[in-house]
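>>> below are the sequence and a predicted model; questions follow.
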Amino acid sequence: MTEAQRHQILLEMLAQLGFVTVEKVVERLGISPATARRDINKLDESGKLKKVRNGAEAITQQRPRWTPMNLHQAQNHDEKVRIAKAASQLVNPGESVVINCGSTAFLLGREMCGKPVQIITNYLPLANYLIDQEHDSVIIMGGQYNKSQSITLSPQGSEKQSLCRALDVYQRQRTDSRRVV
């Protein structure tokens, strides 16, 4: 029996029982205790189970990664992914970027998530995603919630516009869509 087959059976046992001992794994798979422990260690390191004393337990259902929409079914998905990747390359570490709403904007935020940049947004689905993914620097612009677009809008919009113009990203004219597309 191959390692992959052993791992599959071990994970099936966990799905059924929730917890297995090294002894049970040895009995079921006909392997040595050392091999059972190595298999448990490898599956623990890959995040497929949780190693515990004398055995393993199934990982409790993790929250699914949150997205505002089914992005893979969005119109022109592949093009939007390419645009998001290209746009994310225009932002240097330590810079700030303002991201509005929409599927391409969400993909851009997702692409930049985890990078050392400050993301400013009024798009609540993106803000929720970034927070859920523990992005280091997120600023959420406040205002009246617009349900149809899942954004916040503020009567002080002109003040926010001047903030955007002051950002390094805008001063270098990096937001010119002709450079991205």
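Noted; the coordinates are in hand. Numbering: from 1, shown residues only.
>>> let me know the pLDDT of Ile9.
Reading off the confidence values, Ile9 has pLDDT 95.
>>> which strands and helices sit next to the helix or strand encompassing it?
When secondary structure is defined using DSSP states H and E, the element that contains Ile9 is helix 3-17. In terms of contacts (3 or more Cβ pairs under 8 Å, 6 or more residues apart in numbering; DSSP states H and E), helix 3-17 is packed against strand 19-21, helix 22-29, helix 33-45, strand 55-57. In this view, the C-beta of every residue, glycine as well, is placed from N, C-alpha and C.
>>> so which of the ones you listed is nearest Leu107?
Comparing those by their distance to Leu107 (Cβ to Cβ), the top pick is helix 33-45, with 30.3 Å.
>>> just the buried residues of that closest one, please?
Buried residues in helix 33-45, counting neighbours by 16 or more other Cβ atoms under 10 Å, are found at 35-37, 39-40, 42-43.
>>> what of stretch 26-35?
For stretch 26-35, a neighbour-count test (16+ other Cβ under 10 Å) marks 26, 29, 31, 35 as buried.
>>> and it, end to end?
8 Å (Cα to Cα, to the nearest Å).
>>> average pLDDT for it, rounded please.
When the per-residue pLDDT values of stretch 26-35 are averaged, the result is 96.
>>> run through who's touching that stretch.
Stretch 26-35 is contacted from outside by 1, 6, 9-10, 13, 22-23, 25, 36, 39, using Cβ atoms under 8 Å, 6 or more residues apart in numbering.
>>> equivalent analysis for stretch 115-131, please.
By Cβ under 8 Å, 6+ apart, the list of residues contacting stretch 115-131 from outside reads 65-69, 88, 91-102, 105-106, 109-110, 112-113, 135-141, 143, 145, 150-154, 167.
>>> residue nearest the middle of the protein, spatially speaking?
Central residue of the chain (Cα atoms, centre = their mean): Gln133, 5.4 Å from the mean position.
>>> any idea how far the residue lying closest to it once chain neighbours are set aside lies from Phe106?
Across the structure, with Cβ to Cβ, 6 or more residues apart in numbering as the measure, the residue nearest Gln133 apart from its sequence neighbours is Cys113 (5.1 Å). When Cβ to Cβ, to the nearest Å is applied, the distance between Cys113 and Phe106 equals 10 Å.
>>> next one: Val91
Relative to Phe106, and taking Cβ to Cβ, Val91 is found at 16 Å.
>>> quick one: work out the angle between the helix holding Ile9 and helix 33-45.
Between the axis of helix 3-17 and that of helix 33-45 there is an angle of 80 degrees, by axes from the mean of the first three to the mean of the last three Cα atoms, to 10 degrees.
>>> pull out the buried positions in helix 3-17.
6-7, 10-11, 13-14.
>>> stretch 116-127 too?
Across stretch 116-127, burial judged by 16+ other Cβ under 10 Å covers 117-127.
>>> alright, calling it a day.
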